[in-house]
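>>> coords below, sequence missing:
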């Protein structure tokens, strides 16, 4: 039986410890999202706790005005769920892949604590990892004129119908044909996040970023996240259905397997893409993936994006700027 009015008021009062200001914030959030109306008491209590936690962490806005902007790199489970639901996407994992926890364990055990970072050092490391990824583009792809671009200053921000917050994101690298050099978000075939360590937070970031970048790309887009040690994550649209699209999240254990996935994906590009007149593709192979476009109410919604000013948070340990040992990577990249 759904929560009645008396029970609702009691639970809200208990959750806020009679703090009127906190209660007002909680009620404002509940008023924005009325999905709780059909919940029973034992289901409603965890919802209250999650909203309280999100309010404390600044993950939700209780007031009115412009939409809050959240960064994909710190997106919460609840916010990602809302994003996925609004996009009408189902997330699935490959049953033959290792579990994400197995990948996280390797990533944690091989982690090196970053020390002594400064801006010149970070700039040097950034140039090295872009060079590594450029060298890993197979020679067979020369006809496509693919480039690995440092894309940290290309920030995509999106606000979609039915959501009370916007999401912003940037990739460390975008893989694009040369003809899209000046608009890499439109022509990107893949995006890569280079992380110090892999965890569920990085998986959530990769999934959120796939939704943003895939919606803007002219081609089927694949989003990677890697620490360059344990392997990585790959997200792409594996199926299109009448009511939803399917986002497959692959767990790739080991860098040999990661580079094989990366190079096979690029080697399998159709020769048609080498034509400068070809500006889009609906599907690509290896893996089979489809172009994703956000749909709302049965019609394609307008994709709202803007290029915002370059920003860089040097204290964000989750960014690629914390990755070490690029000298070894750069030296071995030519041996792929």
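Yes, it's here. Values in this document were obtained by computation on a predicted structure and should not be read as measured data.
>>> excluding its backbone neighbours, what's nearest residue 133?
Nearest-residue entry for residue 133: residue 148, 4.1 Å, with adjacent residues in sequence omitted and distances by Cβ to Cβ, 6 or more residues apart in numbering. Where C-beta positions appear, they are placed from N, C-alpha and C, glycine not excepted.
>>> again but with residue 255, I slipped
Residue 255 sits nearest to residue 231 (Cβ to Cβ, 6+ apart), 6.2 Å away.
>>> circling back to that earlier point, could you give the bridge partners of the residue nearest to residue 133?
Residue 148 forms beta bridges with residue 175, as assigned by DSSP bridges.
>>> quick one: pLDDT of it?
pLDDT for residue 148: 93.
>>> then residue 334?
Residue 334 is assigned 45 on the pLDDT scale.
>>> when you give positions from now on, start the count at 57
In the new numbering, first residue 57, that becomes residue 390.
>>> surely residue 199 touches residue 327?
Yes - shown here, residue 199 and residue 327 form a contact pair, counting by Cβ atoms under 8 Å, at 7.2 Å.
>>> more neighbours: the two, which one.
Remark: of residue 199 and residue 327, residue 199 carries more neighbours, 11 against 8, as counted by other Cβ atoms under 10 Å.
>>> neighbours of residue 206, just the number please.
Applying other Cβ under 10 Å, we find 17 residues neighbouring residue 206.
>>> my bad, residue 254
Per other Cβ under 10 Å, the neighbour tally for residue 254 reads 27.
>>> now residue 222: which helix or strand?
strand 221-225 (DSSP states H and E).
>>> who are the packing partners of that strand?
Counting contacts by 3 or more Cβ pairs under 8 Å, 6 or more residues apart in numbering; DSSP states H and E, strand 221-225 is packed against strand 124-127, helix 133-142, strand 212-214, helix 256-272.
>>> direction included, what does it pair against?
The pairing partners recorded for strand 221-225 under DSSP bridges are strand 124-127 (parallel), strand 212-214 (antiparallel).
>>> mind listing what's buried along the longest one?
Right, strand 124-127. Using 16 or more other Cβ atoms under 10 Å as the test for burial, strand 124-127 gives 124, 126, 127.
>>> do I have it right that the second one meets residue 138?
No - under the criterion of Cβ under 8 Å, residue 126 lies out of contact with residue 138, with a separation of 10.4 Å.
>>> give me the distance between the two termini of stretch 228-241.
Using Cα to Cα, to the nearest Å, the end-to-end distance of stretch 228-241 comes to 12 Å.
>>> can you check stretch 126-134 too?
By Cα to Cα, the extent of stretch 126-134 from end to end equals 12 Å.
>>> rounded mean pLDDT for stretch 279-298, please.
Mean pLDDT, computed over stretch 279-298, is 92.
>>> what of stretch 140-160?
Averaged over stretch 140-160, pLDDT sits at 91.
>>> starting at the chain centroid, how far to that stretch?
Per Cα atoms, centre = their mean, to the nearest Å, the displacement of stretch 140-160 from the mean C-alpha position of its chain is 12 Å.
>>> and that stretch, what's buried?
Buried residues in stretch 140-160, counted by 16+ other Cβ under 10 Å: 140, 142, 143, 145, 153, 154, 156, 159, 160.
>>> cool, stretch 210-226 as well?
The neighbour-count check on stretch 210-226 (16+ other Cβ under 10 Å) flags 210-216, 219, 221-226 as buried.
>>> spatially, which two of those are the most separated?
210 and 219 (22.4 Å; Cβ to Cβ).
>>> so where's the chain uncertain?
Applying pLDDT under 70 to the chain flags residues 57, 60-62, 74-77, 80, 87-92, 114-123, 167-183, 215-218, 350-392.
>>> now the helices for it?
61-72, 76-88, 97-112, 133-142, 156-165, 175-191, 240-243, 256-272, 311-323, 382-388 (DSSP state H).
>>> residue 336 is nearest to which of those helices?
helix 240-243 (9.4 Å).
>>> what packs against the closest one?
Under the contact criterion of 3+ Cβ pairs under 8 Å, 6+ apart, helix 240-243 touches strand 229-233, helix 256-272.
>>> what comes up buried for stretch 98-111?
The neighbour-count check on stretch 98-111 (16+ other Cβ under 10 Å) flags 100, 103, 104, 107, 108, 110, 111 as buried.
>>> equivalent analysis for stretch 327-334, please.
For stretch 327-334, by 16+ other Cβ under 10 Å, it's residue 329.
>>> who's in contact with it?
The contact list for stretch 327-334, computed with Cβ atoms under 8 Å, 6 or more residues apart in numbering, reads 199, 200, 201, 233, 235, 275, 337.
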